[in-house]
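Visitor: I'd like to go over a predicted model; first the sequence, then the structure.
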Amino acid sequence: MSEFWIFIAIIITLLYIILIGCLYFGIKRIPRFQYQHTTTKLSFSIIIAFRDEAENLPTLLASLVALAYPKNFFEILLVNDASSDDSVAIVRNFAAEYSDINVRVFNNDRRTNAPKKDAINTAIRQSNFDWIVTTDADCQVPKNWLQVYNAFIMTNKSVFVAGLVKYKLQNGFLHQFQRIDWMSLTGVTIGSFGWNKPLMCSGANLAYSKKAFFKVNAFEGNEHIASGDDVFLMQKIKEAYPNRVSFVNASDASVQTKSLDSWRGLYQQRMRWAVKTSSIPNHHIKWVGLVVFTMNILLLLVLLIAFFNWNYFRFFFALFLVKVLFDSLLIKRVSIILHQQLALKTWLLSSLYYPLFSTLVIVKGLFTNYKWKGRIFTK
């Protein structure tokens, strides 16, 4: 490598350090929310879209039954997206057993190329309450979930609130890698909210005003993109309500989900997310994606060059150690928020593999189709 390319490599690394530093201090700007019981109660319509989730629905439904919130102040709307297993029967049996809770199930009214967005539209058209809360069928919600959202919304006058999502603890490198990868995405999420420039959120844990949803014309303009029921909506509401989009940093409102059981499934999921991210009309998230992608490409290129010239292994290890050091600051901060600790060995192995993983996901996501829930989606 010439001095010019070494100089470029140093500039890329400095940009990466600045990015991680901004996210780190952005997280510190989001205080933990200590909720208190309020006499005023908002009413919530909980929306869950499902497709072949017979294995996961019992856990989710059990957690919804356990919610510490007046049952007449929330309803549960489940939307069946062409399931071929026993999902619908499980939901109907649940509704019959817990007749004191307003539980309804609908078939998805497919109108676009985005099944999840169609499902949310289907449910909202049937909803009775002014606040929408969404989660996924493979999740488990905490008992004070709605209590926290109620208190937070009343305190902050928000119209859109994103919450924490964490992976359940599972053994094996695949599951631990996903947990670390998710922590990095959570760092981007909370850190960007800290600077009032939110970039990401998860539909597994969201609350928003139905009035705001209709004011921005729901998902109009991005129906052709299969995913993004969360981020696209957040960006539209942020534009309409600049100071009323918030993040609730509260473990009592954190939703748990399961990591995937195969590398193939993980690649397909992340490809879906990459397609979504590349289509978001926000130059900040494109800048973040470019810096992260360039840093990972840089590491791979320097490692490749080092195999032909061993002198560059020292340069590779220097870049790698700098990246790991700053990444660890961000991940450590997120792990404290999520109350999940990381093993050093797993962290180092994940750091070694991540540049290749991330690069493959982005390249394949930009140029190939992906498969999700038994369907093939085009870019």
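Guide: Sure, I can see it. Residues are numbered from 1 along each chain as shown.
Visitor: can you map out the strands along the protein?
Guide: 44-50, 74-80, 102-107, 131-134, 139-140, 160-163, 165-167, 206-209, 245-248, 255-257, 370-372, 375-377 (DSSP state E).
Visitor: so the first one versus strand 102-107, what angle?
Guide: So that's strand 44-50. Computed by axes from the mean of the first three to the mean of the last three Cα atoms, to 10 degrees, the angle separating strand 44-50 from strand 102-107 equals 40 degrees.
Visitor: got the CA positions of strand 44-50 in PDB?
Guide: C-alpha atoms of strand 44-50 as PDB (Å, rounded to 0.1, in the frame of the first residue of the first chain):
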ATOM      1  CA  PHE A  44     -54.100   0.900  23.400                       C
ATOM      2  CA  SER A  45     -54.800  -1.300  20.400                       C
ATOM      3  CA  ILE A  46     -52.100  -4.000  20.400                       C
ATOM      4  CA  ILE A  47     -51.400  -5.200  16.900                       C
ATOM      5  CA  ILE A  48     -49.600  -8.400  16.000                       C
ATOM      6  CA  ALA A  49     -49.200  -9.700  12.500                       C
ATOM      7  CA  PHE A  50     -48.500 -13.500  12.300                       C
END
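Visitor: for it, name the packing helices and strands.
Guide: When contacts are defined as 3 or more Cβ pairs under 8 Å, 6 or more residues apart in numbering; DSSP states H and E, strand 44-50 packs onto helix 57-65, strand 74-80, helix 115-126, strand 131-134, helix 145-156. C-beta: built from backbone N, CA, C; applies to glycine.
Visitor: strands paired with it, and their directions?
Guide: Looking at strand 44-50 with DSSP bridges, its partner strands are strand 74-80 (parallel), strand 131-134 (parallel).
Visitor: just the mean pLDDT for it, thanks.
Guide: Averaged across strand 44-50, the pLDDT comes to 97.
Visitor: same check on the last one?
Guide: For strand 375-377, the mean pLDDT works out to 61.
Visitor: okay, the strands of the chain in TSV with distance to residue 6 and mean neighbour count next?
Guide: Supplementary listing: the strands of the chain in TSV, determined by distance: least, Cβ to Cβ, whole Å; neighbours: other Cβ atoms under 10 Å:
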stretch	distance to residue 6	mean neighbour count
strand 44-50	50	25
strand 74-80	54	24
strand 102-107	59	17
strand 131-134	48	24
strand 139-140	46	19
strand 160-163	40	26
strand 165-167	38	22
strand 206-209	44	23
strand 245-248	39	24
strand 255-257	42	20
strand 370-372	37	17
strand 375-377	41	13
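Visitor: quick one: closest of those to residue 57.
Guide: strand 44-50 (6.5 Å; Cβ to Cβ).
Visitor: and that closest one with helix 145-156, angle?
Guide: Using the same axes, to 10 degrees, the direction of strand 44-50 lies 130 degrees away from that of helix 145-156.
Visitor: pull the residues that contact strand 44-50.
Guide: Strand 44-50 is touched from outside by 57, 60, 64, 69, 73-81, 83, 87, 91, 108, 115-116, 119-120, 123-124, 127-129, 131-137, 146, 149-150, 207, 210, with contacts defined as Cβ atoms under 8 Å, 6 or more residues apart in numbering.
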